[in-house]
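> I need the structure of the sequence given here:
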Amino acid sequence: MAVIETSIEINSAPEKVWEVVSDIDNEPKFWRGTKKVRNISKEGNIVIREIIIAFRDQKCLQEVTLHPKEKIVAVFRKGIINGSKTIKLSPHGDKTLLDVKWDVQLSGLMGMFTGMIKKHIKSGTDLALQSIKEELER
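Numbers count the residues shown, from 1 in each chain. Coordinates of the predicted model:
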């Protein structure tokens, strides 16, 4: 498994940050690795969805659980990626610390390339966090 962790401090209240990051239908706006999102079902705070990722336009099935104003856990259930991505909000006075942790590996024979994609995922995550920060600090 590849574990990738990164964070950013945003000059905005957690409630405002939550409004942006919990709009999971808008994920491709910030996360360039996610090209398209299609929701399959929603029950309470759990969304089952299909995403198309930038890596060879692969489809992945995700189960996304929203823990209001605290964290979002996206578990990859089917596709080229196995594992999870967790986005966590932590209040810091009038600012918010936004942490992201990936714990993933490529499935099947592609698993041998997991280490190679680690740097790519880290870079894409840093860009996404910076875009979210810029959106909120305008």
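> next secondary structure after the strand or helix carrying Asn39?
Assigned by DSSP states H and E, Asn39 belongs to strand 34-43. Note on strand 34-43: by DSSP H and E, the next helix or strand toward the C-terminus is strand 46-53.
> check contacts around Asp25.
Asp25 makes contacts with Val37, Asn39, as judged by Cβ atoms under 8 Å, 6 or more residues apart in numbering. (Glycine included, C-beta is placed from N, CA and C.)
> and it, what are its phi and psi?
phi -70, psi -20 (degrees, to the nearest 10).
> before we move on, what about Asn45?
phi -100, psi 20.
> ok, it to Lys118 distance?
Distance, Asn45 to Lys118, using Cβ to Cβ, to the nearest Å: 30 Å.
> cool, and Trp102?
9 Å.
> when these two are compared, which one has more neighbours?
Legend: neighbour count by other Cβ atoms under 10 Å for Trp102 and Lys118, higher for Trp102 (22 against 17).
> who does the more buried one form a beta bridge with?
Trp102 forms beta bridges with Ile4, Lys85, as assigned by DSSP bridges.
> does it touch Lys85 like I think?
Yes - counting by Cβ atoms under 8 Å, Lys85 is a contact partner of Trp102 at 5.1 Å.
> which other helices and strands does the lengthiest helix in the chain contact?
Looking across the chain with DSSP state H, the single longest helix is helix 114-136. Judged by 3 or more Cβ pairs under 8 Å, 6 or more residues apart in numbering; DSSP states H and E, helix 114-136 is in contact with strand 2-10, helix 14-21, helix 27-30, strand 95-106.
> possible to save those as JSON lines with mean pLDDT and distance to Thr125?
JSON lines is the format used below for the helices and strands packed on helix 114-136 (pLDDT from 0 to 100; distance: least, Cβ to Cβ, whole Å):
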{"stretch": "strand 2-10", "mean pLDDT": "96", "distance to Thr125": "5"}
{"stretch": "helix 14-21", "mean pLDDT": "96", "distance to Thr125": "13"}
{"stretch": "helix 27-30", "mean pLDDT": "96", "distance to Thr125": "10"}
{"stretch": "strand 95-106", "mean pLDDT": "94", "distance to Thr125": "5"}
